[in-house]
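> Provided below for reference: sequence and predicted model.
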Amino acid sequence: MQRSRSVGSLLVGLAAGIGAIALMLAMPAQAQETRELVMSADFDTLPGARLTIDVPDADVILRNGASDRVGIEVYLSAGNIERGRARSGAMNFRANGNLGEVSLRADRERGASWDWRDWGGFRITVEVTVPEEYDADVFTEDGDIAVQSLRGVVRLRSSDGDITADSLTGDVAIHTSDGDIGVRRMVGGQIEIGTSDGDVSLGDLQATHIMIDTSDGDISGERLAAEGIEAHTSDGDIVVSAVAGPMETSTNDGSILVGIEQLGETSLSSGDGDITIRATGELAADLDLRGQDLSMRSEVRFDGTLERRVIRGALNGGGPGLTARTRDGSLVLRLGATE
């Protein structure tokens, strides 16, 4: 009887495997994607001029070129290249320019649904090179944006796509309604970064003011240095390895971990999560820490109230205010190392 059951199981498995192979053989082979250039333009320009890109459904790649000219190339990638040509032609790409401004615009296909670009394996990629010093305003309704090595006023917006940037200098605003944002290096006056639904990942940012916001996602950073830093998420964790300057950060549902390199007036708030603060043993601050379970790890000079749920007073003689609140979580001030 035992052998009968084993053989029966083997036959069932063999039949399932044969059925899966038959199904795979019956499926049509996926057409190989073809990529071709559908439009190109080249413009004389001046350093510090302005680029405007307004395309409804396309990925945009913007980088610093080797010359003082602006070069624009629009590529079509499609499994069915004939259908792709017809649909990309309906977008009516238009490039215009003079010494002070260059623009690229396109139309949304009439009657197209939100996912028309992916139907039939069809997508558009816009690649643009500009001088190193150049202002840029880039908008796409449904596509990713990548920008590298640019100095100027930069504004990047996508309704539904990821945005990445590296080596930007100047005032920068980056927003996407539904996507992640990744920034490696940035030096600016005002840096504003926001997404309605996505994570924000930051490298080394230095600016006069840094503002970061996501409604549903994590915020992580290597080093943020500014005269004012704001980081807020409604649902996610906030982790910044090194902070130099005043900071205000909050999350409704998530944990906070901050390493203090140079303390300014700082306020950390979590509705439902733990808060961990790391700093050297020489940190001088006026502490106001409150949570369900508090601890301060190190031998320090402290004058004030030190209780399980409240730590309030002068640390190492006092200094800028360091306020932290968690409604339903533990709070740890770890002194002696920032790593």
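Noted; the coordinates are in hand.
> need the contact list for D213.
193-195, 230-233 (CB atoms under 8 Å, 6 or more residues apart in numbering). (Each C-beta comes from the backbone N, C-alpha and C, glycine too.)
> Next, give me the two most distant ones among those.
With CB to CB as the measure, no two of those lie farther apart than T195 and E230, at 14.8 Å.
> returning to what we had before: let me have the contacts of D213 in CSV, extended by distance to E82 and secondary structure.
CSV is the format used below for the contacts of D213 (distance: CB to CB, whole Å; DSSP: H, G, I helix; E, B strand; the rest coil):
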residue, distance to E82, secondary structure
I193, 41, strand
G194, 40, strand
T195, 37, strand
E230, 51, strand
A231, 49, strand
H232, 48, strand
T233, 46, strand
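> related to what we said a few turns ago, out of T195 and E230, which sits in the busier spot?
Remark: of T195 and E230, T195 carries more neighbours, 26 against 17, as counted by other CB atoms under 10 Å.
> Might you report the residue contacts of the more buried one?
175-181, 213-215, 217.
> Okay, it and G152: tell me how far apart.
23 Å (CB to CB, to the nearest Å).
> give the contact list for the closest residue to S330 other than its chain neighbours.
Leaving aside its sequence neighbours, S330 sits nearest to D293 (CB to CB, 6 or more residues apart in numbering; 4.2 Å). Listed by CB under 8 Å, 6+ apart, the contact set of D293 reads 308-309, 330-331.
> Break down the protein into its helices, ranges please.
Applying DSSP state H to the chain gives helices spanning 2-26, 81-89.
> Now the shortest one: buried residues?
The one in question is helix 81-89. 81, 84, 87-88 (16 or more other CB atoms under 10 Å).
> Which elements pack onto that helix?
strand 34-44, strand 69-78, strand 122-130 (3 or more CB pairs under 8 Å, 6 or more residues apart in numbering; DSSP states H and E).
> how about these in a markdown table, adding mean neighbour count and distance to L224?
Listed next are the helices and strands packed on helix 81-89 as a markdown table, based on neighbours: other CB atoms under 10 Å; distance: least, CB to CB, whole Å:
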| stretch | mean neighbour count | distance to L224 |
| --- | --- | --- |
| strand 34-44 | 14 | 37 |
| strand 69-78 | 19 | 32 |
| strand 122-130 | 22 | 27 |
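> of all the ones you listed, which lies closest to V239?
In terms of CB to CB, the element of these nearest to V239 is strand 122-130, at 32.8 Å.
> per-domain residue ranges of this structure.
Using automatic domain parsing, the domain parsing of the chain gives 1-29, 31-161.
> hey, least reliable of these by pLDDT?
Lowest mean pLDDT within these: domain 1-29, a mean of 41.
> what pairs with the residue lying closest to T169 once chain neighbours are set aside across the strands?
Once flanking residues are discounted, T169 sits nearest to R151: 4.2 Å by CB to CB, 6+ apart. Legend: beta-bridge partners of R151 under DSSP bridges are E133, T169.
> Now for R151: which residues touch it?
Residues near R151 by CB under 8 Å, 6+ apart: 132-134, 168-170.
> Return the member of those residues nearest to M39.
Distances from M39 to the contacts of R151, taken by CB to CB, are shortest for Y134, at 20.6 Å.
> distance of that closest one from I238?
Distance from Y134 to I238, by CB to CB: 33 Å.
> ok, now V128?
V128 is 34 Å from I238, by CB to CB.
> same thing with R87?
42 Å.
> Over to I61?
Distance from I61 to I238, by CB to CB: 30 Å.
> List the contacts of stretch 168-182.
Contacts for stretch 168-182 (CB under 8 Å, 6+ apart): 144, 147, 149-165, 183, 185-202, 217.
> who wins for neighbours among the contacts of R151?
For these, counting by other CB under 10 Å, the largest number of neighbours falls to Y134: 27 neighbours.
> Please name the residues that touch that residue.
Here Y134 is in contact with 45, 47-51, 70, 150-152 (CB under 8 Å, 6+ apart).
> Counting neighbours, which of those end up buried?
45, 49-51, 70, 150-152.
> contacting residues for the residue lying closest to R85 once chain neighbours are set aside?
The shortest distance from R85 to any residue other than its chain neighbours is 6.8 Å, reached at L76 (CB to CB, 6+ apart). Applying CB under 8 Å, 6+ apart to L76 gives the contacts 35-38, 84-85, 88, 122-124.
> Repeat that for T214.
194-200, 232-234, 236.
> rerun that using 7 Å as the cut-off
Neighbouring residues of T214 by CB atoms under 7 Å, 6 or more residues apart in numbering: 194-195, 198, 200, 233, 236.
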